[in-house]
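Peer 1: Turn this into a structure:
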Amino acid sequence: MEARAAAIKEQARAAFQECKAKFPEVVAATTVANAQCLNGVVVIARPLWGNPDLLDTFMATRIAVAERVQKGRVTVAQGNEEVANKWTQVVAENQRRSLAPQRVSLRDGSNTRST
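Peer 2: Next up, the predicted model:
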């Protein structure tokens, strides 16, 4: 399993580097193509993520924001901030979900030791 995870991480890293080479600067005219490229990196890393629905939400947000940037409705900086905020929400929700089973086991006493 560790070898598979390492291979996925390497593939995602290479895809990310490819995106950076294609889009060295974030400019409004190419934000949708850049977002699509970066979403491809997320798709590669998806098997390593415990809650893929959160990744779907993030990728949809990234594309929607990129479209608004490309149409001139928001600046690149505003778009970057929106995407960063969404990523923070996704990470927080992923952590909440991964900790939920631990909280339940503590609450129901299944994680107690007898002496």
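Peer 1: what residue lies at the spatial centre of the chain?
Peer 2: Nearest to the mean C-alpha position of the chain, by C-alpha atoms, centre = their mean, lies residue 55 at 5.2 Å.
Peer 1: Contacts only, for it.
Peer 2: Residues near residue 55 by C-beta atoms under 8 Å, 6 or more residues apart in numbering: 42, 46, 49, 90. Yep, even glycine has a C-beta here, placed from its N, CA and C like the rest.
Peer 1: Pick out the most distant pair among those.
Peer 2: Largest separation among those by C-beta to C-beta: 46 and 90, giving 12.8 Å.
Peer 1: quick revisit: now list the buried members of the contacts of residue 55.
Peer 2: Among the contacts of residue 55, those buried by neighbour count (16 or more other C-beta atoms under 10 Å) are 42, 90.
Peer 1: Make JSON lines out of the contacts of residue 55 and add secondary structure, pLDDT and distance to residue 7.
Peer 2: Converted to JSON lines, those look like this (DSSP: H, G, I helix; E, B strand; the rest coil; pLDDT from 0 to 100; distance: C-beta to C-beta, whole Å):
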{"residue": "42", "secondary structure": "helix", "pLDDT": "97", "distance to residue 7": "17"}
{"residue": "46", "secondary structure": "helix", "pLDDT": "95", "distance to residue 7": "14"}
{"residue": "49", "secondary structure": "coil", "pLDDT": "90", "distance to residue 7": "16"}
{"residue": "90", "secondary structure": "helix", "pLDDT": "97", "distance to residue 7": "24"}
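Peer 1: now, among the contacts of residue 55, which is nearest to residue 78?
Peer 2: Nearest to residue 78 among those: residue 90, at 18.9 Å, using C-beta to C-beta.
Peer 1: distance between stretch 39-49 and the chain's centre?
Peer 2: Chain-centre distance of stretch 39-49: 8 Å, with C-alpha atoms, centre = their mean, to the nearest Å.
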